[in-house]
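Participant: could you look at this predicted model? Sequence included:
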Amino acid sequence: MELSEEPAMYVSDPVLNKDGVKGYTSYTLNGSRVPEPLSRRYRDFDALRKKLVERWPGIFIPNIPHKKKVGNQGKRIINMRVEMINRFLKKLSKIDYLFNSEEMELFLQNSSNVSKTLDGLKAENYEDLLKKYSSAFPDYDDNFDLKAGKEEQDKFCKKLNEIHPKIKHFRSLVLQAKERYKNEQENYFAVINMLSLYEKETISNYVNNDENKLVFFNMKNIELCKNISNAQEQVINPYDRLYDAISEDYLNTEAMVEALETLEKIQDTYNKLSKNFATTSTHLTELQAGRPSVMNMFKNKEKEITKLTSAKATKEREINALGEVIKIATFNMQKNIKDFKIVSLDNYYAELSRIEGDTEKNATIFDDLWETVVKDKNISEFN
């Protein structure tokens with residue numbers, strides 16, 4: 001039997017720690033990408049993602065579940081967070097430029113204060129950002145229709161902003177269905193327990209307490225006892241995973257909107273730089289032509305021309321670099337949007353298939369249970 005390959009990064013072994021009156025949970029980070037086991041808190045993963053968002057503007061960054069402020073140390077919440085953090089790490093491991101980024105390198109250092117370590121990374125200037133993006137996205141097509149790409153992304157962002165609250169509402173409805181199904185199953189087994197009690201308290205009096213004449217309150221009925229126990233342990237709530245899937249969809253949608261809006265922000269920055277560049281160019285032209293203005297009439301003309309010429313050259317480099325960054329990020333976003341739609345659709349179909357499988361499995365479990373009841377010799381003789 002082949003051993004499965006170790007994940008690049010994963011968390012396990014959550015430990016509740018005491019920190020004064022408050023407690024916090026730490027996780028052990030392991031994996032082929034991790035030089036040695038590291039202790040990490042939820043806030044460390046959150047800090048990593050925030051730094052990635054900051055230093056990779058306009059790029060889709062996988063999301064991480066939001067931290068619950070109340071009751072966040074419950075066993076169910078902790079186990080769910082382990083699963084969600086591992087999903088986050090798995091997604092990052094599939095994106096080379098993020099997985100091998102400078103941010104990730106610092107995150108994996110043996111540091112007790114990850115947030116402080118990551119804070120040491122400052123925002124890059126536009127020329128350095130362009131170098132990074134050019135290296136991260138070598139498949140960029142310079143002939144890409146930037147205008148059409150922006151229009152499509154604006155429409156998609158608007159649509160996602162409409163969808164996002166609907167997903168949140170639908171998630172709350174599924175949570176209600178999940179709780180109702182859980183209650184139904186609890187009631188179902190409560191009825192079986194009551195039948196056992198009913199036999200013990202009433203029917204047994206009619207058969208002189210002969211256990212062999214009973215069905216549910218009959219410890220010798222090993223097969224029925226086993227099937228009842230199996231049903232209680234194995235029955236699946238089909239809404240559990242549906243709730244998780246919708247929660248995942250909610251986080252993915254939020255992350256996509258964030259990336260699209262960040263891309264729009266750097267476009268706004270580009271527009272402001274261009275406007276500022278035009279003002280500087282006009283001022284320089286007027287000064288070189290000898291036209292006085294309130295801005296320069298009390299300044300040394302030659303000194304001011306030298307200063308403005310240098311400022312113009314700097315702004316021009318910044319504008320050109322940022323313009324290329326926007327083109328590359330917009331081009332990459334087209335692929336992200338396409339993948340986002342495909343993955344969302346595939347996940348939905350997969351979830352429907354899982355629900356069908358879970359429902360069918362539950363039906364088989366209950367069929368087996370009641371088939372055992374019907375086959376009981378007392379019932380079969382009665383029939």
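Facilitator: Thanks, I have the structure now.
Participant: going forward, measure contacts between C-alpha atoms and count neighbours the same way
Facilitator: OK.
Participant: so how far is stretch 25-45 off the chain centroid?
Facilitator: From the chain centre to the centre of stretch 25-45 is a distance of 18 Å (C-alpha atoms, centre = their mean, to the nearest Å).
Participant: before we move on, what about stretch 271-280?
Facilitator: For stretch 271-280, the distance to the chain centre is 38 Å (C-alpha atoms, centre = their mean).
Participant: show residues contacting it.
Facilitator: 308, 311, 312, 315, 316, 319 (C-alpha atoms under 8 Å, 6 or more residues apart in numbering).
Participant: let's see 10 Å
Facilitator: 265-270, 281-286, 308-309, 311-316, 318-320, 322-323 (C-alpha atoms under 10 Å, 6 or more residues apart in numbering).
Participant: in a helix, residue 11, correct?
Facilitator: No: using DSSP: H, G, I helix; E, B strand; the rest coil, the assignment for residue 11 is strand, not a helix.
Participant: show me the contacts for it.
Facilitator: 26-31, 37-40, 81-83, 85-86, 89.
Participant: in helices, which of those residues fall?
Facilitator: Applying DSSP state H to the contacts of residue 11, the entries found in helices are 81, 82, 83, 85, 86, 89.
Participant: ok, the second one to residue 311 distance?
Facilitator: In this structure, residue 82 lies at 51 Å from residue 311, with C-alpha to C-alpha, to the nearest Å as the measure.
Participant: give me the pLDDT value at the nearest residue to residue 28 once chain neighbours are set aside.
Facilitator: Computed as C-alpha to C-alpha, 6 or more residues apart in numbering, the closest residue to residue 28 that is not its neighbour in sequence is residue 39, at 4.8 Å. What the model reports for residue 39 is a pLDDT of 94.
Participant: can I assume residue 39 is in contact with residue 110?
Facilitator: Yes: taking contacts as C-alpha atoms under 10 Å, residue 39 lies within contact range of residue 110: 8.7 Å.
Participant: which of these two has more neighbours?
Facilitator: residue 39 (20 against 13; other C-alpha atoms under 10 Å).
Participant: which residues touch the more buried one?
Facilitator: 11-15, 25-30, 110-112.
Participant: just the helices in the stretch 1-150 of the chain please.
Facilitator: 42-55, 75-93, 96-99, 102-107, 114-119, 126-136, 146-198 (DSSP state H, counting those that start in this stretch).
Participant: show me what secondary structure element comes after the longest one.
Facilitator: Sequence-wise, the next helix or strand downstream of helix 146-198 (DSSP states H and E) is helix 204-206.
Participant: in that following helix, which residues are buried?
Facilitator: By 16 or more other C-alpha atoms under 10 Å, the buried positions in helix 204-206 come out as residue 204.
Participant: with stretch 248-258 instead?
Facilitator: Buried-residue list, stretch 248-258, by 16+ other C-alpha under 10 Å: 248, 249, 250, 251, 252, 253, 254, 255, 256, 257, 258.
Participant: how about stretch 315-327?
Facilitator: Buried residues in stretch 315-327 (16+ other C-alpha under 10 Å): 315, 316, 318, 319, 320, 321, 322, 323, 324, 325, 326, 327.
Participant: from residue 183, how far out is the second one?
Facilitator: Between residue 316 and residue 183 the distance is 66 Å, computed by C-alpha to C-alpha.
Participant: try the fourth one
Facilitator: Counting by C-alpha to C-alpha, the gap between residue 319 and residue 183 amounts to 61 Å.
Participant: again with residue 203
Facilitator: Residue 203 is 28 Å from residue 183, by C-alpha to C-alpha.
Participant: in terms of neighbours, single out the busier of those two.
Facilitator: Per other C-alpha under 10 Å, whichever of residue 203 and residue 183 has more neighbours is residue 203, with 18 against 11.
Participant: need the contact list for the more buried one.
Facilitator: Counted by C-alpha under 10 Å, 6+ apart, residue 203 has contacts 196, 197, 209, 210, 211, 213, 214, 217.
Participant: distance from the lowest-mean-pLDDT helix or strand in the chain to the middle of the chain?
Facilitator: Least confident helix or strand of the chain, by mean pLDDT, DSSP states H and E, is helix 377-382 with a mean of 83. Relative to its parent chain, helix 377-382 has a centroid offset of 55 Å by C-alpha atoms, centre = their mean.
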